[in-house]
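> this one's structure only:
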């Protein structure tokens, strides 16, 4: 039988009734002629509650012990889902990430999957069981310690399992009906897409769209795994994420714009008064790299003729902001810059669409919409299929709605529904 991998997030597993509903959906898939492997997240807000508990005990909990604590949430979910499936007349086997063969590097809190050895999973499938796997976790190849994959890690677990098992599809169940042209909590008139290319989904995920985690999309694209994003609350068809034509042979829909994403999780650091000399930027970003901080957008001003100094601004995750400032303060004397400015009241807006490659005027429409909405732009970054800008955080929601309307993305079919209120 063909294998289907399904993933259920915390909002889909919030309580006992939700777990029973998920079990019924799994049972329907199994009785429909598929072998089923399921990756589950922790129930509801369990992970956040465990984090709060840890910080109440210790302001700086050891990363190893924190991972041991956080993986408990998914273990609770996997056992409860397996119990619910048993009550529906099927048999199920639950496995932790390490039991399922999810092998990672040794970084606690944000480990990367480097291999999946699904021997116990395939054995359980051969014995006729539904397999439930705790997402978000694995075991280090080098240290043999339990690791966690970071936020959205269950998405990545599901796609990695699908690749290792040669699954037909990876179904990501969430609390919205699919991938929308914008966050339906901000743009109620957002339209659901029936298909979207993996390339566009990758840009949307990287730009703040929360329906799929970036690493899961990267993994799916690398191993050519189709993803079906759909709601666990309704039977509606969702959104297929794939670069391949659909079953009727039609091409992937390619409107000019696929969607508008926004992100409030970033901060901006400006390095003021940098000597405009060869190697200074390299020193700055080497220090940031050594601190293991990922950078998003970078802007360097033209140096002032009279001073020979320039400013360099870049964005980074808010959670890494203070670490980034400390790393740069440590090299100030060596580089010779005048000072640092930190700003965490910014928002990033991104317009994504493969049609940008061949349609002139996209930038003009984009910037006119922002100007008409009274939104000032602080930074600009582009790729072949994306335009991103940074503005004030309090203006971001209005900016998203203005751009969404300007490109004709508003739906005429009524408001989009977020069934559990989170959009995940």
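Yep, that arrived. Since the structure is predicted, the reported quantities are computational estimates derived from the model, not experimental observations.
> contacting residues around the residue nearest to residue 393 when sequence neighbours are not counted?
Excluding its sequence neighbours, the residue lying closest to residue 393 (CB to CB, 6 or more residues apart in numbering) is residue 347, at 4.3 Å. Where C-beta positions appear, they are placed from N, C-alpha and C, glycine not excepted. Residue 347 is in contact with 262-264, 390-393, 395-396, 399, counting by CB atoms under 8 Å, 6 or more residues apart in numbering.
> out of those, which are buried?
The neighbour-count test (16 or more other CB atoms under 10 Å) applied to the contacts of residue 347 identifies 262-263, 390-391, 393, 395-396, 399 as buried.
> filter these down to the ones in helices?
Among the buried ones among the contacts of residue 347, the ones falling in helices (DSSP state H) are 396, 399.
> pLDDT (mean, whole number) over stretch 130-145?
Averaging pLDDT along stretch 130-145 gives 97.
> still on that earlier bit, output the buried ones among the contacts of residue 347 as JSON lines; include the columns distance to residue 277.
Converted to JSON lines, the buried ones among the contacts of residue 347 look like this (distance: CB to CB, whole Å):
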{"residue": "262", "distance to residue 277": "37"}
{"residue": "263", "distance to residue 277": "33"}
{"residue": "390", "distance to residue 277": "27"}
{"residue": "391", "distance to residue 277": "32"}
{"residue": "393", "distance to residue 277": "34"}
{"residue": "395", "distance to residue 277": "36"}
{"residue": "396", "distance to residue 277": "36"}
{"residue": "399", "distance to residue 277": "37"}
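> out of the buried ones among the contacts of residue 347, the closest to residue 81 would be?
Using CB to CB, residue 263 is the member of the buried ones among the contacts of residue 347 that lies nearest residue 81, at 31.6 Å.
> residues of the helix or strand containing residue 328 that come out buried?
Counting by DSSP states H and E, the element that carries residue 328 is helix 321-329. Neighbour counts over helix 321-329 (16+ other CB under 10 Å) mark 321, 324-325, 327-328 as buried.
> those into a markdown table, with extra columns for pLDDT and distance to residue 231?
Putting the buried residues of helix 321-329 into a markdown table (pLDDT from 0 to 100; distance: CB to CB, whole Å) gives the following:
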| residue | pLDDT | distance to residue 231 |
| --- | --- | --- |
| 321 | 96 | 35 |
| 324 | 96 | 38 |
| 325 | 97 | 41 |
| 327 | 96 | 42 |
| 328 | 97 | 44 |
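> can you put those residues in a markdown table and add distance to residue 128?
Converted to a markdown table, the buried residues of helix 321-329 look like this (distance: CB to CB, whole Å):
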| residue | distance to residue 128 |
| --- | --- |
| 321 | 51 |
| 324 | 52 |
| 325 | 56 |
| 327 | 54 |
| 328 | 58 |
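> for the helix holding residue 328, what is the distance to the chain centroid?
In terms of CA atoms, centre = their mean, to the nearest Å, the centre of helix 321-329 is set 25 Å apart from its chain centre.
> what of stretch 157-167?
17 Å.
> what average pLDDT does it get?
So the average pLDDT for stretch 157-167 ends up being 96.
> then stretch 413-423?
On average, stretch 413-423 scores 57.
> show me what the next helix-or-strand element following the helix holding residue 328 is packed against.
Downstream of helix 321-329, the next assigned helix or strand under DSSP H and E is helix 332-335. Other helices and strands packing on helix 332-335, by 3 or more CB pairs under 8 Å, 6 or more residues apart in numbering; DSSP states H and E, are helix 280-290.
> who's in contact with the helix it packs on?
271, 274, 295, 300, 312, 314, 316, 324, 327-328, 330-331, 334-337.
> hmm, back to that, in TSV, list the buried ones among the contacts of residue 347 along with distance to residue 384 and pLDDT.
Shown next, in TSV, are the buried ones among the contacts of residue 347 (distance: CB to CB, whole Å; pLDDT from 0 to 100):
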residue	distance to residue 384	pLDDT
262	21	96
263	20	95
390	20	96
391	23	96
393	27	96
395	27	96
396	24	96
399	22	96
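> out of the buried ones among the contacts of residue 347, which comes closest to residue 110?
residue 263 (17.9 Å).
> isn't that closest one up against residue 207?
Yes: here residue 263 reaches residue 207: they are 6.2 Å apart, a contact under CB atoms under 8 Å.
> quick check: neighbours shared by those two?
Contacts common to residue 263 and residue 207, judged by CB under 8 Å, 6+ apart, are 348, 350.
> check what pLDDT residue 114 gets.
Looking at residue 114, its pLDDT is 95.
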